[in-house]
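Undergrad: Need a 3D model of the following:
(one chain, ligands or ions: 1)
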Amino acid sequence: MSDGKRLAVLGAGAVGSSVVDLAAEYGHEVVAFADSSSAVVDADGIDAAATLERKQSAGTVGDDDPDAALEADYDVLVEATPTTLGDAEPGFSHLEAALERDRHVVLANKGPVAERYGDVRALERESAGEVRFEATVGGAIPIISTVEDLSPSHVTAARGVLNGTANFILSRMAAEGIDYEHVLAEAQDLGVAEADPTFDVEGTDAALKCVILANVLSEGEREFTLSDADVEGITNVPGSALELAAEDGRTIRLVGEATREGIRVGPRLVPQNAALAVTGTRNIAQLETTNAGQLNLSGRGAGGPETASAVLGDVGRLD
Ligand code: HSE
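TA: Residues are numbered from 1 along each chain as shown. Alright, predicted model coming up:
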């Protein structure tokens with residue numbers, strides 16, 4: 001276990017806020033915290049409870065400019081700003097600024113490792129800092145560290161149900177016979193689905209996770225981005241398809257698959273009693289290995305504390 005680290009946390013959504021809330025429990029100290037319009041910096045450690053309370057009541061985390069958090073004296077930058085596609089900004093520049101100062105980076109933001117993996121690894125090679133990103137795939141589930149433990153060259157494929165929102169919708173459609181639009185509205189009411197669930201229901205979020213897994217499996221031999229993925233979401237899955245599948249003891253799940261050859265995401269028929277037929281917001285990853293058969297890892301694939309536990313697990317893996 002590593003010594004306690006000084007963290008700078010960028011992003012005050014569910015994941016960034018939970019990292020701030022839980023850091024002390026894992027033996028670390030938050031010395032800077034920023035949202036999109038403000039920051040709080042304290043070399044002796046910020047008051048996490050007061051800061052999170054302020055965020056709730058006033059909408060800001062502090063009185064400083066957000067850039068102050070990047071300039072603070074930290075050991076690890078936790079990048080938990082929203083995932084963006086293409087140039088993956090501003091997350092990529094945040095990572096670059098930390099590595100140029102020889103600091104470590106732990107990502108919850110998928111953008112840099114899904115869209116600019118080669119650039120991230122090139123910057124890392126020039127730095128004394130390390131980049132880790134367990135939280136980008138499958139929330140609480142230790143998928144990337146398991147691939148590392150097995151060694152990526154001994155994992156031939158990673159497949160799974162990697163989007164909780166889409167899985168919640170398909171499970172409810174199958175269980176209740178309700179159509180897509182009604183279940184989506186229910187998921188939004190329950191806070192399972194984002195106000196804008198486009199990334200989830202169109203398969204983009206699952207595809208980004210599979211792109212990251214393909215990059216890990218490829219170990220730099222080949223770089224993947226979202227444009228390499230063959231993606232279909234769940235918006236066109238009719239309730240009647242789930243009913244027909246059920247007559248045959250099957251159901252439909254949004255399944256993603258990553259190999260060193262490519263990435264595919266789409267609705268697939270799976271037996272109702274198969275490991276892949278997880279229900280609700282659960283995720284599952286199946287790793288196909290050369291010597292150890294198939295490994296199934298299942299658990300909570302989203303949520304603030306769940307994803308923060310993956311971030312803090314990564315922090316604990318750093319020297
Ligand atoms: N919105 C995602 C999900 C979690 O529903 O699984 C973040 O990747």
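
Undergrad: need the residues of the stretch 51-200 of the chain near the ligand, please.
TA: The interface of the stretch 51-200 of the chain toward the ligand, taken as C-beta under 6 Å from any ligand atom, is made up of N163, G164, T165, D200. C-beta: built from backbone N, CA, C; applies to glycine.

Undergrad: Which of those residues fall within helices?
TA: Among those, the members falling in helices (DSSP state H) are G164, T165, D200.

Undergrad: neighbour-wise, which of the residues of the stretch 51-200 of the chain next to the ligand leads?
TA: Greatest neighbour count in these, by other C-beta atoms under 10 Å, goes to N163: 32 neighbours.

Undergrad: now the helices: where do they sit in the chain?
TA: Using DSSP H, helices in the chain cover 14-22, 48-58, 67-71, 91-100, 111-115, 117-125, 143-150, 164-176, 180-189, 198-201, 204-218, 239-247, 304-317.

Undergrad: Can I get those helices in TSV including mean pLDDT?
TA: TSV is the format used below for the helices of the chain (pLDDT from 0 to 100):
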stretch	mean pLDDT
helix 14-22	97
helix 48-58	97
helix 67-71	97
helix 91-100	98
helix 111-115	98
helix 117-125	98
helix 143-150	98
helix 164-176	95
helix 180-189	92
helix 198-201	96
helix 204-218	98
helix 239-247	95
helix 304-317	97
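
Undergrad: Most widely separated two among the residues of the stretch 51-200 of the chain next to the ligand?
TA: Greatest spatial distance in those: G164 and D200, 8.0 Å, computed using C-beta to C-beta.

Undergrad: re earlier: how about the residues of the stretch 51-200 of the chain next to the ligand in CSV, adding distance to G129?
TA: Compiled in CSV, these are given as follows (distance: C-beta to C-beta, whole Å):
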residue, distance to G129
N163, 30
G164, 31
T165, 33
D200, 32
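
Undergrad: Write down the beta-bridge partners of L297, one by one.
TA: Beta bridges link L297 to A285 when assigned by DSSP bridges.

Undergrad: residues in contact with it?
TA: G138, I141, P142, I143, T146, I284, A285, Q286, L287 (C-beta atoms under 8 Å, 6 or more residues apart in numbering).

Undergrad: Kindly tell me how buried the fifth one is, as a neighbour count.
TA: The burial count assigned to T146 is 17, neighbours taken as other C-beta under 10 Å.

Undergrad: Please look at it and L287 and confirm they touch.
TA: Yes - counting by C-beta atoms under 8 Å, L287 is a contact partner of T146 at 6.7 Å.

Undergrad: Need the overlap of contacts for these two.
TA: Residues touching both T146 and L287 by C-beta under 8 Å, 6+ apart: L295, L297.

Undergrad: hmm, back to that, take the helices of the chain and write them to JSON lines, including distance to Q294.
TA: Output for those, formatted as JSON lines (distance: least, C-beta to C-beta, whole Å):
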{"stretch": "helix 14-22", "distance to Q294": "29"}
{"stretch": "helix 48-58", "distance to Q294": "41"}
{"stretch": "helix 67-71", "distance to Q294": "42"}
{"stretch": "helix 91-100", "distance to Q294": "33"}
{"stretch": "helix 111-115", "distance to Q294": "25"}
{"stretch": "helix 117-125", "distance to Q294": "26"}
{"stretch": "helix 143-150", "distance to Q294": "12"}
{"stretch": "helix 164-176", "distance to Q294": "20"}
{"stretch": "helix 180-189", "distance to Q294": "30"}
{"stretch": "helix 198-201", "distance to Q294": "26"}
{"stretch": "helix 204-218", "distance to Q294": "15"}
{"stretch": "helix 239-247", "distance to Q294": "23"}
{"stretch": "helix 304-317", "distance to Q294": "22"}
